[in-house]
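Chemist: only geometry, no sequence info:
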């Protein structure tokens, strides 16, 4: 079960990045807890949670919950990429905020950004080739 720190991060991320959306903070917390209960894993790094799933095609899909700043997000993603490198061929995430695109070149593995217009929280796809 999630600890208090995780719930604080979720609340901070919601206030910064999701206020005004059609879902509530409580529904976001509940969704996170359900994902964890279903076996999704997460890494906690300072003010950021990286929720991830390991897919059969040697891809790790991840989602950031960031109550911190840009550097907190970069550090958390780098932690996941370091953990996944050598175990997976690819890491991928989806998001709506175009400011995230600027982070593609700040990681330990350079990201590739595509605009995919896949609906809510899926405007952009950032992927990382972990084979090199």
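Modeler: Sure thing, it's come through. From a predicted model like this one, the values you see are computed outputs, not experimental measurements. Numbers count the residues shown, from 1 in each chain.

Chemist: next helix or strand past the host helix or strand of residue 31?
Modeler: Using DSSP states H and E, residue 31 sits within helix 25-37. Proceeding N to C from helix 25-37, the next assigned helix or strand is strand 41-45, under DSSP H and E.

Chemist: any idea of the mean pLDDT in that following strand?
Modeler: The average pLDDT for strand 41-45 rounds to 95.

Chemist: hey, where'd the strands end up in this protein?
Modeler: Assigned by DSSP state E, the chain shows strands spanning 41-45, 48-54, 59-66, 90-95, 111-115, 124-129.

Chemist: Save the ones you listed as TSV, and put in distance to residue 7 and mean neighbour count too.
Modeler: In short, each C-beta sits where N, CA and C put it, glycine included. Formatted as TSV, the strands of the chain follow (distance: least, C-beta to C-beta, whole Å; neighbours: other C-beta atoms under 10 Å):
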stretch	distance to residue 7	mean neighbour count
strand 41-45	12	17
strand 48-54	10	20
strand 59-66	10	21
strand 90-95	22	19
strand 111-115	29	14
strand 124-129	26	19
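
Chemist: Relative to residue 14, which of these is closest?
Modeler: strand 59-66 (8.7 Å; C-beta to C-beta).

Chemist: Pairing partners for the closest one, with directions?
Modeler: Strand 59-66 sits in its sheet next to strand 48-54 (antiparallel), strand 90-95 (parallel), going by DSSP bridges.
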